[in-house]
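1. No sequence on hand, only this structure:
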């Protein structure tokens with residue numbers, strides 16, 4: 001079938017030469033490009049992981065800051081409500097104290113007016129009683 005003459009080594013030499021030429025011209029640059037691309041992908045992936053890690057850290061930090069801010073706002077609101085309630089209670093107590101003082105002053109004034117009216121009435125009753133007695137008994141007997 002096959003003849004083993006000088007063409008076989010020549011064909012083998014051509015095949016080896018073609019493999020060396022293809023390797024130098026095509027396979028090495030293609031392999032270099034594929035290696036560079038793989039390295040670029042690894043670097044991009046590593047950069048993306050770092051950025052993701054930083055982003056998650058910042059997110060947690062911001063969430064903590066937001067949580068702290070909410071707690072502070074709640075504390076400030078509670079303090080303000082407590083102060084407002086205290087001020088309102090104080091004003092109500094002052095108003096009640098003023099009302100009680102005015103009521104006592106009015107009661108005292110009424111009592112004084114009542115006493116003055118009673119004295120006036122006693123004097124008038126006494127004068128009227130004298131007049132009645134004078135009219136009934138006469139003017140000379142009463143003195």
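-> Yes, it's here. All of these numbers come straight from a predicted model, not from anything done at the bench.
2. so for stretch 51-67, what's the average pLDDT?
-> Per-region confidence: stretch 51-67 scores 96 on mean pLDDT.
3. brain fart, stretch 79-91
-> Per-residue scores along stretch 79-91 average to 95.
4. do you know how far residue 120 is from residue 21?
-> Distance of residue 120 to residue 21, given as CB to CB, to the nearest Å: 145 Å. No exception for glycine: its C-beta is placed from N, CA and C like everyone else's.
5. again but with residue 82, I slipped
-> Residue 82 is 90 Å from residue 21, by CB to CB.
6. go on, residue 111?
-> 132 Å.
7. residues near residue 18, how many?
-> By the criterion of other CB atoms under 10 Å, residue 18 has 10 neighbours.
8. quick one: what helix or strand has it in it?
-> Per DSSP states H and E, residue 18 falls inside helix 7-22.
9. got it, and residue 102?
-> helix 28-137.
10. Just the angle for that helix relative to helix 7-22, thanks.
-> Angle of helix 28-137 versus helix 7-22, following axes from the mean of the first three to the mean of the last three CA atoms, to 10 degrees, is 30 degrees.
11. Against which helices or strands is helix 28-137 packed?
-> helix 139-142 (3 or more CB pairs under 8 Å, 6 or more residues apart in numbering; DSSP states H and E).
12. I'd like the distance from residue 58 to residue 52, if you could.
-> Counting by CB to CB - residue 58 and residue 52 are separated by 11 Å.
13. Just give me the residue right at the centre of this protein.
-> residue 73 (3.1 Å; CA atoms, centre = their mean).
14. tell me the pLDDT at that one?
-> So residue 73 comes in at 96 (pLDDT).
15. again with the one 3 residues further on
-> Residue 76 is assigned a pLDDT of 96 by the prediction.
16. How many residues are close by it?
-> Neighbour tally, residue 76, other CB under 10 Å: 10.
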